[in-house]
Each structure stands twice: as structure tokens, then as C-alpha cells.
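[1] Following is a predicted model, sequence given first.
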Amino acid sequence: GCTIGQGEGGFSGTGRLGLRGNSSVEGTGDGSGGGARTVGGGLDRDVIESIIRRRLDRIRLCYERQLNFFPKLAGKITIHFAIGKTGSVLSNGIVDDTLGNSAVSHCIQSEVKTWSFPPPEGGTIVNVDYPFVFESTAKSQ
């Protein structure tokens, strides 16, 4: 996990967004998050996981739009974002990208920017690293 910036908050996620494209090149899957751990105060990991899970449809859509053009598109994008003392996302950026599709990464960044969380305890800034794994089941032709 990262604990960069102000305050003492920190969070590391290992969520897995199980997206699978079918023969009509549509992405499907439950987008369930995986285990994550809290590094230090601020916000409970379950609260963060719950809010991310509620927003996975929008993240999934970022990927599905590109599946139409790249049926075999697969990989992982890890985003880092900072939750401010009011619960809004102060900043975000891609820290790891094996997907290699700038449209998907920009779309994810735009979505994360709009997320809102409960204010962290003690007014700390909570830093989150959260990976999204995208997989397509498109067959080799």
C-alpha cells in the first residue's frame, strides 16, 4: 500500500474485476472485488470495497467499449487515488497498466474522479491503490 501525502491513511486493494467477453464481444462478469487490507487509519477497507463495488459497472463499461475494437483486450490497470478529508477523490493516476489501452485508462481515471466516500476518521487523507483485472474470452481466429 501507499501512504504518500498528508495524513496517515493508507489502503491497498487486490480487487479483481472479472470481465469476460463472449462471442458477440460483449463484456460480462460479476466484477467482484477481492481481498484488500487496511494499512493504517482513516477509512475501513470494507467501506472502500463496498463503494468501489457499487461503481464497477462504470469501470466495466470503460473496458467493454474497447472490446468492440480489440476483442482480445486483456490485462490489469492499477489506479492510485487519494481520498480527502471530506471523502472526495482529490487526485488519481495509473500506477500499473498491462492492458495498454489509453482509452480504458483515461475512462477509469475520469470515473474514479467522481467517486465519493465517507469522510475519513481524523480528517486524514487516505491513499488507495486498486487493481482492476480485465479478461476477454474472445477466441483466437
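    On my side now, so go ahead.

[2] Quick check: beta-bridge partners of the residue nearest to residue 129 when sequence neighbours are not counted?
    Excluding the flanking residues, the one nearest residue 129 by CB to CB, 6 or more residues apart in numbering is residue 80, at 5.0 Å. (Each C-beta comes from the backbone N, C-alpha and C, glycine too.) Beta-bridge pairing of residue 80 under DSSP bridges involves residue 93, residue 129.

[3] mind checking pLDDT for residue 80?
    Reported pLDDT at residue 80 in the predicted model: 97.

[4] CA atoms only: put stretch 103-112 into PDB for me.
    Extracted in PDB, the C-alpha atoms of stretch 103-112 (Å, rounded to 0.1, in the frame of the first residue of the first chain):
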ATOM      1  CA  ALA A 103      -8.900   4.900 -23.800                       C
ATOM      2  CA  VAL A 104      -9.700   2.500 -21.000                       C
ATOM      3  CA  SER A 105      -7.200   4.000 -18.600                       C
ATOM      4  CA  HIS A 106      -8.400   7.600 -19.200                       C
ATOM      5  CA  CYS A 107     -12.000   6.400 -18.800                       C
ATOM      6  CA  ILE A 108     -11.200   4.800 -15.500                       C
ATOM      7  CA  GLN A 109      -9.400   7.900 -14.200                       C
ATOM      8  CA  SER A 110     -12.500  10.000 -15.200                       C
ATOM      9  CA  GLU A 111     -14.800   7.700 -13.300                       C
ATOM     10  CA  VAL A 112     -12.700   7.400 -10.200                       C
END
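
[5] sorry, back to before: verify the contact between the residue nearest to residue 129 and residue 128 for me.
    Yes: using CB atoms under 8 Å, residue 80 makes contact with residue 128 at a distance of 6.9 Å.
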